[in-house]
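> starting from these lines, generate the structure:
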Amino acid sequence: MKQKTHKASAKRFKVTGTGKVRRRQAGLSHLMPNKTQKQKRHMRKGTNVSASDLKRIKPMISRLLK
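Below you'll find the model as predicted:
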């Protein structure tokens with residue numbers, strides 16, 4: 001049986017043109033007054049998924065990687 005795409009993961013991760021997986025930065029949803037403006041500005045940008053996390057995420061979004 002074919003493995004289905006994990007839809008929650010597919011909404012959270014995007015694949016770049018070069019095949020890298022992008023994700024949003026954590027920590028931007030609440031407790032904003034405690035964070036500096038610099039922290040908030042940097043968290044608005046996405047970042048690449050680390051190599052160790054990629055091993056868990058790739059099977060869940062395998063259909064997006066093609």
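> show me where the chain has its helices.
Secondary structure of the chain (DSSP state H): helices at 7-12, 37-44, 51-60.
> can I get those helices in JSON lines with mean pLDDT?
Formatted as JSON lines, the helices of the chain follow (pLDDT from 0 to 100):
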{"stretch": "helix 7-12", "mean pLDDT": "93"}
{"stretch": "helix 37-44", "mean pLDDT": "95"}
{"stretch": "helix 51-60", "mean pLDDT": "92"}
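> residue 24: which of those is closest?
helix 7-12 (7.1 Å; C-beta to C-beta). To be clear about C-beta, it is placed using only N, CA and C from the backbone, and glycine gets the same treatment.
> please name the bridge partners of the residue nearest the centre of the chain.
Taking C-alpha atoms, centre = their mean, the centroid of the chain lies closest to residue 23, which sits 2.0 Å from it. Beta-bridge partners recorded for residue 23 (DSSP bridges): residue 47.
> residues contacting it?
Residue 23 is in contact with 12, 13, 46, 47, 48, 49, counting by C-beta atoms under 8 Å, 6 or more residues apart in numbering.
> looking at those, which one is closest to residue 66?
Once C-beta to C-beta is applied, the member of the contacts of residue 23 that ends up nearest residue 66 is residue 13, at 14.3 Å.
> what pLDDT does the closest one get?
Note for residue 13: predicted pLDDT of 95.
> one more: residue 23?
pLDDT, residue 23: 95.
> could you check how far it is from residue 61?
11 Å (C-beta to C-beta, to the nearest Å).
> what does residue 16 give?
13 Å.
> more neighbours, these two?
Per other C-beta atoms under 10 Å, whichever of residue 16 and residue 61 has more neighbours is residue 61, with 19 against 10.
> so which of the helices of the chain comes closest to residue 1?
helix 51-60 (14.1 Å).
> quick check: buried residues in that closest one?
For helix 51-60, the neighbour count (16 or more other C-beta atoms under 10 Å) marks 57, 60 as buried.
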